[in-house]
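Asks: fold the following and give me the result.
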Amino acid sequence: MSIHYAIMDDIYYIYHNEFGISFQWKRDAFRQGFNKFQLVFRDTGFYLSHEEIKLFSENIESAKSIKPCMNCGDSTECRNILLRTPSCRIDLAVNKQELSWIEDLVRGTLFQIQLDGFINELCDH
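Replies: Model prediction:
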């Protein structure tokens, strides 16, 4: 068995794109009232609650309005956007393309979490 499959046995996959993945550790899913999710991209993992993921989505919206510096213009290579994370001590320098990929990852994750919650609620009734 490869390491990849061993790790996949320990998680509930939520969403992925070409930039990252989101999942929930199975050990956390079974803990009452403990809903943390892992978002991993660019060699960084964020362990966030549903509310923190929503905040991250709002921060992404704010970052999209940041104008590029004069030297960079519309360059997709320059990491000229400072993206605030839900962690008050961590901000990320990203470029326009990375911001778009992170936005897709966060939105896809939120959509899937909400869809799963809706389906679970329907099944409970």
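Asks: what about the closest residue to F19 other than its chain neighbours, how many residues close to it?
Replies: Among residues not flanking F19 along the chain, W101 sits closest, at 3.5 Å (CB to CB, 6 or more residues apart in numbering). For glycine as for every other residue, the C-beta is placed from the backbone atoms N, C-alpha and C. For W101, the neighbour count with other CB atoms under 10 Å is 17.
Asks: which residues are contacting stretch 55-72?
Replies: 39, 46, 48, 74-75, 78, 80-86, 94, 96, 99, 102-103, 106-107, 110 (CB atoms under 8 Å, 6 or more residues apart in numbering).
Asks: from those residues, list just the buried residues.
Replies: 39, 46, 48, 80-81, 83-86, 94, 96, 99, 102-103, 106, 110 (16 or more other CB atoms under 10 Å).
Asks: which strands or helices does the helix ranked longest in the chain pack on?
Replies: Longest helix in the chain, counting residues (DSSP state H): helix 96-124. Packing contacts for helix 96-124, counted by 3 or more CB pairs under 8 Å, 6 or more residues apart in numbering; DSSP states H and E, involve strand 11-16, strand 20-25, strand 36-41, helix 50-64, strand 81-84.
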